[in-house]
Structure formats: C-alpha cells, structure tokens
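K.L.:
what follows is a predicted protein model with its sequence.
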There are 2 protein chains.
Amino acid sequence: MGAAAEIPHPFDPLTLDEIEIAISTVKKAHGEVRFNVVALQEPRKAEMTAWLENPETAPRPKRIADVVVIAPGGKVYDGLVTLDEPKIISWVEAVGEQPIITMEELQFVEHICRKDPKVIEQCVISGIKEEDMDKVYCDPWTIGYDERFGSGVRLQQALMYYRPELDNCQYQYPLDFCPIFDADKKEIIAIDIPKVRRPLSKAAAVDYHPAAVEARGGYRNDLKPINITQPEGVSFNLKGREIEWQNWKFHIGFSYREGIVLNNITYNDKGTVRPIFYRLSLAEMVVPYGNPEHPHQRKHALDQGEYGAGYMANSLSLGCDCKGSIHYLDAHFPTQAGGLRTIKNAICIHEEDAGILFKHTDFRDDSVIVTRGRKLIVQQIFTAANYEYVVAWVFHQDGTIQPEIKLTGILNTYSMLPDEDTHGWGTQVFPSVNAHNHQHLFCLRIDANVDGPNNTVYLSDAMPSDAPVGSPENFYGNAFYNRRTKLSTTGEAMTDYDSKTSRTWEICNPNKLNPYSKKPVSYKLVSREALTMLPKPGSLVWKRAAFARHAVHVTPYADDQLWPAGRHVPQTSGEPSKGITEWIGDGSASIDNKDIVLWHTFGVTHFPSPEDFPVMPAEPMMLLLRPRNFFAGNPVMDVPPSYASTPSQVQAGKGAWEAADGMSKLAFEDRETNGHVTKVEGEGGSCCGT
Amino acid sequence: MGAAAEIPHPFDPLTLDEIEIAISTVKKAHGEVRFNVVALQEPRKAEMTAWLENPETAPRPKRIADVVVIAPGGKVYDGLVTLDEPKIISWVEAVGEQPIITMEELQFVEHICRKDPKVIEQCVISGIKEEDMDKVYCDPWTIGYDERFGSGVRLQQALMYYRPELDNCQYQYPLDFCPIFDADKKEIIAIDIPKVRRPLSKAAAVDYHPAAVEARGGYRNDLKPINITQPEGVSFNLKGREIEWQNWKFHIGFSYREGIVLNNITYNDKGTVRPIFYRLSLAEMVVPYGNPEHPHQRKHALDQGEYGAGYMANSLSLGCDCKGSIHYLDAHFPTQAGGLRTIKNAICIHEEDAGILFKHTDFRDDSVIVTRGRKLIVQQIFTAANYEYVVAWVFHQDGTIQPEIKLTGILNTYSMLPDEDTHGWGTQVFPSVNAHNHQHLFCLRIDANVDGPNNTVYLSDAMPSDAPVGSPENFYGNAFYNRRTKLSTTGEAMTDYDSKTSRTWEICNPNKLNPYSKKPVSYKLVSREALTMLPKPGSLVWKRAAFARHAVHVTPYADDQLWPAGRHVPQTSGEPSKGITEWIGDGSASIDNKDIVLWHTFGVTHFPSPEDFPVMPAEPMMLLLRPRNFFAGNPVMDVPPSYASTPSQVQAGKGAWEAADGMSKLAFEDRETNGHVTKVEGEGGSCCGT
Ligand SMILES: [Co+2]
Ligand SMILES: [Co+2]
C-alpha cells in the first residue's frame, strides 16, 4: 500500500489497513459473521469543525469504523469500532431491519434460481428447454417491501431473463415470472406467476456488441478522433484526497452508500477562505415503476440505500470513461467473508474547457474581451443491474457547482404477448418487450455552510407586481420582483418546485450581508429538474421514499442524519416512514439561522421509447448551486482572457492582449469545402480582430 | 469573391453580388434611399419543397431580394427585387411602420447627444463638466413604444453613461436622464428627467480589462492549457452551406433578423433520408425590465425584430470564441447608403467530445461497452448593446437537437443614490449602480417536418392513475402513465409549461407509427426553461410581445410568417398586436395533421446580483428536441466504442474491442500527488479491464 504511514484525513474513507483492523476486531469478538458494511463513521461535526478551525491545537477526530454484520441465523448488528486502539465501542442488534444488499449477495441468486425445480418448471412453461437452464439469468433486486413476507426474513426478488446466446443482451428476452429468494436459507421460497402467461420471445436478437454491429453492416467510419491534451499538466493539486483548483478547496470522500462525498467545500475569495458547504452528496434515490399489476409494484429500488452507489461503482478507464489528463482514486470495501475488495479508479478527476466564461464587445469601437472558462469534474459511474448512472460534480470558476447525472445502460423490461395492450403502463420497445414507465428520483443532500454554519433557506419566486395595469404604481404593467419567503420551520420547508414563478431556493447566511446589494450572502439552488413523485400519497413508494414527497425538505443538522430513507432501507414497510419524516417529526423545529441540511429531490420521468433499446443513449440532468450576493463582484475577472483590447488600444492600433489558444485550426485549408473556395482577407491569423 | 460563378442554393443568404444587384436596381428606380434590409426572400415553401424532392426536374426557386428602405422624409417601403433579371416586382409603402434599426443608425445617436445643448445641460446637472462631453456615451435603444410619440416618427431612446477614462466600463457610471432621438430630423426632441435626481457616481472604477486586473494584483497563473486537436481533420463535410455529419444533413442560412437559420434538417436512418424540421431558428426575443417608474417601461427590447441577431453578430475568432478545428461562415449585409458590409466569421462550426454516449456493464461478469459521443455545434454570438448572447445549435448523434443559449456581457444599469430604496425592482450591484430586474424571453420557431409536412402536436403529461390507492386497478398506488392531449386548433395550442407533470410537447406524424411501440413517430420538445412573462396581461410588453404569453403556440404554416412580433417591430403599439396573434386570429384554425409551425418561448428571469458585475459569467440555458418513437431502435449502436468486451470474450480472456483514445494520460506520474504515492497494480495500461 505504498506510503501507508500517512495518517488518514478524518474525512478519508477507511484505508485497507483500517478495514482489516475493524474486521479482525469484530471477528475476535463475534466469530464468523457476514460483513455488509465496514466504513468510516464520519467524524462528529462539532469535533470536526473544531479541528478544521484549529488543526494544531484541537483534538484530531478519532477514526471509527461503522460496521454492519449479519450473524448466522440472520441477526443483524450495528457496531462501532475504534481504530487507533481497536475496540468495539457499540454493538446493537438491529431488530427487524435488513441492511444493504451487497454485490456478492446479488451474484448468488442466479445460481440458486437455475437449480431450483420450481424455477425450472416455470422456465419450461415459458418455452425454455430444461437443459438450457445455464441460459437463464436473473437480475436480483431488492424486494422493496412485500406485505406477505414482511421485514424479518432477508429477501430478494429475481427478475428473470433468457439469453439464447451468451453474448445476447438478456433484456430482450424477459420471462414473466418472479422467484423470491430467501438470503438466509439460500433458497427460493415463492414464485410470483402472472395469470396471463407470456411465453419466451422468439424475436431475433438486436445486440449492441461489436460482432452484432459488424453483422448488421459494421461501424460508421466517418468519425475522426478528437484529442484533448494538457501538455503542461493539470491545473489542480491534491494533498491526499483534498483538492485545490481555481480558488476551490474540498475533500473527496467515497462511501459505500452515496459514492462520492464532498466535504468542507471552500472558496478562496481574494485571500479569504470562505466555507460554502460542509458536505455534498447524492444521498438516496428511488426508481418507481408505474405498472400497477402485481408484483411490479415491488420494482422501486432505493438504489443507494438498498445496494449502494459506492458498492456498485464502476472501475473507470482512461480515454473511455474520461478523456484528457485524469487522476483516479480507488475505493476499498470489505467482502462478506471479511476479506478486502478494491474498486480501482472508482473516481475520476479531470478538467474540461467550459466554453466562453465571459465576453463583451463594445458596439461603438469593437473593443472586446473574451475569456474562456474551465471546469473541474469529479465523477463516478455506478451500475444498478440494468441501469448506469454517471454522476458528476462539476465545479466552475465563478463559484457555481453543478451536480450532473446522466442516465444510460438498459431499460428494465418485462415480457408481453404480441399485440398485448400495455394499458399505457409501458411501451413495446421491441417485439415482445414491454418497458414499463418509471421515474428516476434522486435526493441531493446539501449540508450548508454558507459563510458559516448558521443559514436560513428562502423560497425565491419571480412575481409580477400586485398593482394592476394602469395603476400609478404599475402604469405600464411591467413591474415584477423577487418574492422571498423565509422557511422558518421544518414543516414550512416542505416545498415544491413551481415553474410558473421560476422558483429557486436561496441558502442564505442572514448574519452577513453583501456590501453592495445589502442582501444576505447566499447560494441558490437552481433546479429545473424537480418533478412530482407519481406514486400517489399513501402508496407503498410514497411511504418508503418520503424524501421524494417534496422537491425540498430542510432539517436542522444532526450527526448521522445522512440518508433520508433511513439507515437500513431494504424491506422497510414505510410504516412508519424512516429517515427524513422521523427527523422532521411534527415540523415545528426551527431552521432559521441554524446549522441546516437541505434535501432536494429531482429527476426524470421516463416513458420508454424504442430509441432507448437495446441500450440507451445518455440522457443528462443538471442542477446549479450558484453564488448570489455571495461575492462583492464577478469573481473570475482575473482569469486570463484569450483576447482583450480596450477602446484606447483599438484607437492606438496596438497593445491588445493576445493569448488565443495556438492549437486551434481552421477545419479546411483556405476554407476549401467540397467544391467551394472562399478566400477571405486577413482571416485566421489574428485573434478577435475587427 | 472567389468562385462567384457558383449558383447559390435557394436557401443561401444573398451573396455580395446579389445584394449589389438589388441595391442598384432600387437606386435606379427610387434614387437615394437608406437601405435597412436587403436580404433573401425565402423561397415559397411549395416551390421549394417541389424542387428539393426533384431538383433535376422541378423549377429551381428564383432568387428574390426582400428590401426595406427609408426614403427621404421618412417614408418606409417594402420591396421585392428579382435577381436573375433585376426587376422590382413589388414596392409598397409601409405606412406608420418603422423598420429594423441598423447598427449605423445606433452609432449615430451618441454623437448627436454630445452636441445637444439640453443634453449638455443635463450632464452638467449630473456633475459632468461641459468640456468632458467626449466622456459621455449612450446606448441608443429602440424606444419600444411611447404613447406620447406614437409610431409615425422614427425614434430611439438614449440610455446615458459616463466614462471617466476611455477604457472604463461605462455601465458603472449611468446617468439618470434619457434623451429621445428623432432619426429623421437627427436631433434630440425630448429628454425624460426623473423627479429625484441622481448625480454621477464618484465610486472608483472596477474594470475587467487587463490593465485594471494587473493593477489589482494580476491574473491567476495556475490555469494550464487544454488543447483540443483533430489530427485527421473534422468529421463534417460542407457543400456550399449544406453540412453533413453523422447522418445529419441540413442547410445553414443566416438572416439579418434571426441570425442562424437551419433548413431542411434530415437524418439518414440506415439509408432512408428522413425529414425532421423544414426550418429552425430563434425567431424573436424580448427583454422586459421590471421597474415600473417612467421611462423604464420602455426598456423591453425585442432585440431580433428591433436590431437583428444577424446585424449584431460578432466576428468570431479561432481559439477564443471556439477551440479545436473550426469552420467559419461569413455574413453579408448592405450598408444604409447602399454599400456592402461583411461580418467575417459570423458563424462557427465545430465538433466537441460529448462524454459518454452509452455504457453498460454486466454486474455478473464485468462484460462492458463504453462508447463516447460527439456533438456538432453551429454557433454565433451577438451583442445587443450591453448584453452578449451566445447561440448554439448542438446536434447529437442520437438524433437529439439541443438549442442552447448562454448569456454574458454586461447588465443594463441605472443610477441610484446612496441608500436609495430600490423598492425591489432592482439590485445595487456596485455603489450607485442599480441593475433592474429583467427577463430574457426567446422564441424558438420550429417549422416541423417530422417524416413529412403533416404533423400534429400533443401535450404530454406525466400523470398518476386516477384510481385510488387500495383500489383493484391501483392497489399499491404506483400506477402512472403518459397522458397525451391532442392540440387540434391554434386556440387549443396556446399552452403553458407545467413542471408538476413534467410537461413536454410531442410533434407527431400521425400518419406513421413506430413499428414496435405503434405510437406515432415524433420529436419531443423538452424545455425546462419555459417561464411566465412577468409583465401582466394588458401591459405594454404583453401587447407587443404576444408570443411570450404562452410557452407554446402552434400555427398552420404560411409563407412569410417568420417573426412572431411582426415584420416591422420598432414602435409597434401592440394595439392590435402584430404577428402571432394575427396568424392565430379566432383560434379556430386546424393544426391537426397539417403543415405546422410550433413557437416556443423560454428564457430566464434575471434578478441581478453583484456577481454579475461588471461583466457576467456566462449563464446557460438549453432545450432538447428528442426523437421519441421516431427510430425503431437506438440509432447510435454503430458508433465505434472505446472499449467493448462480451461475456464470451471475458470468459476467453481475449477478443475485446480496444479503441481507447491513446492520447489521454494520467494526471500525475505513478499517481504521485503532493507528498502521497499510491501505486496500484496494473493501472493505467489496459482499458476498462476488470
Ligand atoms: Co429510465
Ligand atoms: Co440578464
């Protein structure tokens, strides 16, 4: 492990050594157990804040492992293990709760299914030969919650598929029944069989792998390479997992649950290091499917709580997942048996050109400035069975943070009969393939620290004046203003998006005003991606994924309130709802000028279409966290321009700032396009000349 | 002009030769007039469509110049001039109408202001020395509509500023009075003077030009270059102004009014050339300001109709406005006196890497495919006095078209007293500088041609099932569906965005169904950027910019119905409203299975903040036009992947497709970061390996 002597930063994920220490400590005390989680217990905020303020004198927060195990017989324990002097400091049975499902657990189900006589029987009914059971696959899913089985037994549901050939995309051959797997007994305890049977599709495969594409005529050959290079190196520096770039500084953590976790995000404002966010992460998500027929209601994975965006992380690779000059960080996890697992390159970090940062031309004299922007991207990709989620945290030079998610991968599919009526709950995307309507709802957790911990959230709405057209106050009817509504309590803060007022949420520090606008310094959440959770109030999903009931919730900060659907999510009934509803309680808690956390649910509603099949072109979503009244002025005026000339330089005919990218070229020599030659005087040489 | 013998494509803008022919023909007949417009009269659609279908046999549409002149005495004439045999075929006085304001007209006002005794008097009152009138500037704006003066006299309003030094940004020294300029008499006919006077700001300047930045400590020096190169050239081809790229083909026009105009957009779907849009453009915009005090209600420029996105186009330059391998197109216009004006590099065309196009990893075996996307960008920038608009038409390989606008440049500012109450109509962004609330509302014109001219628009809403939780049809409450509402008439089509239902608009061809989904082929307008026009119903802006009353209007196609605020926009009163309201009339016209045009208004509401001053970091907006049920399957499976391995290749340990970008590099040697060395086995070499 190279320089293992380095002391981890208190925000660092557990090192391999630390995971080993925690595992051996637990094994010593409790014998052979299955390890679901061995992860950093994040430092208590009060301690951590004290240390961040005075690293020399304040005590350094201790390293503690958060451990979740399943003991033989299925009992679940939550434990805490100190790592400097290895010691179990807490060990509590989580009665009736099911911890996160590991990749190893998922892998196992398929093999059981293939050997189970009742599953084989159903496969044969579907039209599969008994000797072809090795061509049967399943995507084991969290069962969500099934009232017939409750939470006491650890269960998964097996979404069944067939592959005529090993390399076929299985999602074009879904099967119509759904075995239920008992993870303790390691057997199939039930099979959900629909009343109307849908035999295996006989359609010829449409695959996306190279041999299939070659057989259909091959790849297009008219795409010329684009190379992105940084001959002088990158513009960011890392010290351990703390990155510095363009006035930004923050720590890059990684959790089994949330994947990338960004901590202690600050911006150096002309020498003053100003805190903005204590912690940012994608804290939970849910993907409800809209087909009401049993057992499809169970398809509503809370992928982060039930499988983990860290556990499902892809190992990224150079020139494929990212282009340019890339830095990678690995992720370390335990195995169930108490071994170690490393996901190499779980996080990639790189810069991209961001187009024009600012530009202005004076129309009188053609004096001009044009400055290009740069962005920093901290990215991971995770695969949740069929779906891929590309999660990027994009930092801009102007203080904007842009969380961005791209969806790709493959639709979850179900079988259908020829000419079967989908009843509008899905789309036939390929013969015999019904892709059900679904939503992807994500919950962004914003632990705010805008110029200090005590912040207040305001609704910000664009409103016309109340005064009627023709009245003295609004004679021409053009008056409009920014209506700001303080959210004083957790109850008031349960708010929804309103496109009619271009609603945003301002996270303000009421204790500090902008010197010019006299408004509180703030970061504004701009989200046009807010949406209504379509499962109805009172529905199973509504109960289990309470965070998705509103676009925004705000809670007072409390240690360990990280995951809004609860700590242990699989098989929660939602009665009562876990996580955010517990923290909000009666809604009376003050969030005014307090250390607060804002939870924002956003996403897309996905009505599938044949374009999405057999693999989906990526669909982007993005939010903005923008400084408003935070800076005293444009914070990027000191980014070197590509070209700048002032009126006096234009008059003098000299002195312009010329620093255009020397590598850019005209696409065609002399602008010679097929058959056309258009020579233009003076072109291509000087930059931004008139 | 080089290969002048080439016959222009019927969609091509007028060549310099053609502009000259039109001008000399008009001069011969009408003597000395001021030329406001000499532009292509776009071919009649019926003729053009016939020719596009049969270029060999159908008659080629004739080249005709659309001419607008102002004769001595201020009379305005609309003319049409045939160009093959130069001849005026139409000449009509536009009584009581004011044509577009040219850059030359704008340039002139400042010089008149500086010499006008009443303006000088007001400057002195503001605290400017009489001998400093050369430091007084004005941004001449369209007057919008001022009921005191009507439409008969050609007017501009002069927003006044001061520059202590030539190179200062004037917007930090606004003056509080507003002269009215008569363009025929070439004199100031009135000055609007506020009741409360606001003397010239004494604040020290904050400038963004290099000398100012150097004086404040200089530019940051930690930004390393990023180079983008295409050593094998670009992936697009041009024949004249027709571009082909990744199955796309379209014609790139340019109009004085709309700037970039894209015509005859088709996608080659496995050998079948499928039409999608006959014409796409940004057809109009309006920027209403929200301060109700007279005369600020006049600040609501319809920038395209009143100045022209083509006339205001920037001359773009390599490595500044765009990076990589760029192709440029010029724009040609007349001068007022009948000369010629060329804007070099008015349009840039280039490709960019578009990140991951699609990816999927099978969690069982780590078989994987990762394919990077590419995009084509056709871009222009125009400067409307203080503001810069970066307009990009982004084409994706998967059939998506992404219109994108970035706002940058400088806030329009007004003077304020120290501690003056802005009454919420603006923000003090700098001492004595009040930046008024405003909106940027753009109108995208979509002349649809989805698999043919006869299309129908549907509202598409994401709706929960009506059946209650617990009912047999929706027992678990998770049912939801895509409610599609046909818009049958122009009246029904006046629709607004609804974020609660994630509303989109589907432009369908009801005559052609997708083979799998059996739904009509369609392109879907996805716009989260729709917003409410805040000037109230009945207000001046509401009357003049009727297109902004709703997010979507749909009209039956008619030749020359291009600009939704009317042909001649300056000084329209809005009584009656011009353009789209005239075309919609009583709202009864059928738009069902007809040749239709969809008008979409979108934009941002801008409450200024000190971050925006003195120059604004660019703020992006984007829409998507996405194929839904248009293709039979994912249309980009034949884009070569960066890496692909099938399960059988993973099993065999060989045969994977490896085509990773060979130029990408690790950011740090051996991942050596400041002080940390973490060597990881096998890293950095093979692509996407497990
Ligand atoms: Co989806
Ligand atoms: Co603005």
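P.N.:
Cool, the structure landed. Residues are numbered from 1 along each chain as shown, chains lettered A, B, ... in the order given. Ligands and ions are numbered 1, 2, ... in the order given.
K.L.:
quick one, strands of the stretch 501-650 of chain A?
P.N.:
Remark: strands assigned in the stretch 501-650 of chain A by DSSP state E, counting those that start in this stretch are A:504-513, A:520-526, A:552-556, A:594-606, A:616-622, A:624-628, A:643-645.
K.L.:
for the stretch 351-500 of chain A, same thing?
P.N.:
Taking DSSP E, counting those that start in this stretch as the criterion, the stretch 351-500 of chain A carries its strands at A:368-384, A:387-396, A:401-409, A:413-415, A:426-430, A:433-436, A:438-448, A:454-464, A:480-487.
K.L.:
contacts only, for the residue nearest to residue A:310 when sequence neighbours are not counted.
P.N.:
Leaving aside its chain neighbours, residue A:310 sits nearest to residue A:256 (4.0 Å; criterion: C-beta to C-beta, 6 or more residues apart in numbering or on different chains). For glycine as for every other residue, the C-beta is placed from the backbone atoms N, C-alpha and C. Residue A:256 makes contact with A:37, A:39, A:100, A:308, A:310, A:311, A:333, according to C-beta atoms under 8 Å, 6 or more residues apart in numbering or on different chains.
K.L.:
how about these, which pair is most distant?
P.N.:
In those, two members sit farther apart than any others by C-beta to C-beta. They are A:100 and A:333, at 11.1 Å.
K.L.:
between these two, what contacts are shared?
P.N.:
Common neighbours of residue A:100 and residue A:333 (C-beta under 8 Å, 6+ apart) are A:256, A:311.
K.L.:
against residue A:487, how distant is the residue nearest to residue A:591 when sequence neighbours are not counted?
P.N.:
Nearest residue to residue A:591, sequence neighbours excluded (C-beta to C-beta, 6+ apart): residue A:554, at 4.8 Å. According to C-beta to C-beta, to the nearest Å, residue A:554 and residue A:487 sit 6 Å apart.
K.L.:
give me the distance between the residue in the stretch 501-650 of chain A that chain B sits nearest to and residue B:466.
P.N.:
Closest residue of the stretch 501-650 of chain A to chain B, C-beta to the nearest C-beta: residue A:539 (2.6 Å). As judged by C-beta to C-beta, residue A:539 and residue B:466 stand 14 Å apart.
K.L.:
ok, residue A:471 next?
P.N.:
43 Å.
K.L.:
show me where chain A has its helices.
P.N.:
A:16-30, A:45-53, A:103-115, A:117-126, A:210-215, A:303-306, A:540-544, A:580-584, A:647-652 (DSSP state H).
K.L.:
what residues sit buried inside the fourth one?
P.N.:
The one in question is helix A:117-126. Neighbour counts over helix A:117-126 (16 or more other C-beta atoms under 10 Å in any protein chain shown) mark A:119, A:120, A:122, A:123, A:126 as buried.
K.L.:
got the residues you listed as CSV, with distance to residue A:56 and pLDDT columns?
P.N.:
Conversion of the buried residues of helix A:117-126 to CSV gives the following (distance: C-beta to C-beta, whole Å; pLDDT from 0 to 100):
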residue, distance to residue A:56, pLDDT
A:119, 63, 98
A:120, 67, 98
A:122, 67, 98
A:123, 66, 98
A:126, 68, 97
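K.L.:
now do the contacts for residue A:576.
P.N.:
Per C-beta under 8 Å, 6+ apart, neighbours of residue A:576: residue A:582.
K.L.:
check it and give its pLDDT.
P.N.:
Per-residue pLDDT puts residue A:576 at 95.
K.L.:
give me the phi and psi for it.
P.N.:
Note on residue A:576: its backbone torsions stand at phi -80, psi 170 [degrees, to the nearest 10].
K.L.:
quick check: buried residues in stretch A:438-458?
P.N.:
So, applying 16+ other C-beta under 10 Å, buried residues of stretch A:438-458: A:438-451, A:453-458.
K.L.:
quick check: pLDDT value at residue A:419.
P.N.:
88.
K.L.:
okay, it and chain B: tell me how far apart.
P.N.:
9 Å (C-beta to the nearest C-beta, to the nearest Å).
K.L.:
now for that residue, how many residues are close by?
P.N.:
7 (other C-beta atoms under 10 Å in any protein chain shown).
K.L.:
residue contacts, it?
P.N.:
Listed by C-beta under 8 Å, 6+ apart, the contact set of residue A:419 is empty.
K.L.:
number of residues surrounding residue A:334?
P.N.:
By other C-beta under 10 Å, 27 other residues sit near residue A:334.
K.L.:
ok, it - contacts?
P.N.:
Per C-beta under 8 Å, 6+ apart, neighbours of residue A:334: A:19, A:22, A:23, A:35, A:37, A:38, A:340, A:341.
K.L.:
filter the buried residues of stretch A:438-458 down to the ones close to chain B.
P.N.:
Contacts with chain B within those, counted by C-beta under 8 Å from any C-beta of the partner chain: residue A:439.
K.L.:
can you point out the buried residues in stretch A:471-490?
P.N.:
The neighbour-count check on stretch A:471-490 (16+ other C-beta under 10 Å) flags A:474-482, A:484, A:486-490 as buried.
K.L.:
thinking again about what came up before, which of the buried residues of helix A:117-126 lies closest to chain B?
P.N.:
For the buried residues of helix A:117-126, the nearest to chain B is residue A:119 (17.0 Å; C-beta to the nearest C-beta).
K.L.:
do you know how far the closest one is from residue A:293?
P.N.:
Distance of residue A:119 to residue A:293, computed by C-beta to C-beta: 21 Å.
K.L.:
out of residue A:539 and residue B:466, which sits in the busier spot?
P.N.:
Taking other C-beta under 10 Å, residue A:539 and residue B:466 do not tie; residue A:539 has more neighbours (27 against 11).
K.L.:
residue contacts, the closest residue to that one other than its chain neighbours?
P.N.:
With C-beta to C-beta, 6+ apart as the criterion, residue A:539 has its nearest non-adjacent residue at 2.6 Å, and that residue is residue B:477. Going by C-beta under 8 Å, 6+ apart, residue B:477 touches A:535, A:536, A:537, A:538, A:539, A:540, A:541, A:542, B:468, B:469, B:470.
K.L.:
and the fourth one, what pLDDT?
P.N.:
The reference is to residue A:538. Value listed for residue A:538 in the pLDDT field: 97.
K.L.:
right, and it touches residue B:469 too?
P.N.:
Yes: with contacts counted by C-beta atoms under 8 Å, residue A:538 reaches residue B:469, the gap being 4.4 Å.
K.L.:
neighbour count for those two, which is higher?
P.N.:
Using other C-beta under 10 Å, the more surrounded residue of residue A:538 and residue B:469 is residue B:469, with 20 against 13.
K.L.:
now the more buried one: how far from chain A?
P.N.:
Counting by C-beta to the nearest C-beta, the gap from residue B:469 to chain A is 4 Å.
K.L.:
angles on the backbone of that residue, please.
P.N.:
Dihedral angles (degrees, to the nearest 10) for residue B:469: phi -60, psi 130.
K.L.:
for it, give me its contacts.
P.N.:
Taking C-beta under 8 Å, 6+ apart, we find residue B:469 in contact with A:536, A:537, A:538, A:539, B:475, B:476, B:477.
K.L.:
and residue A:647, by the same measure?
P.N.:
Applying C-beta under 8 Å, 6+ apart, the residues near residue A:647 are A:362, A:364, A:365, A:367, B:166, B:167.
K.L.:
ok, which of the strands of the stretch 351-500 of chain A comes nearest residue B:325?
P.N.:
Of all the strands of the stretch 351-500 of chain A, strand A:368-384 comes closest under C-beta to C-beta, at 16.3 Å.
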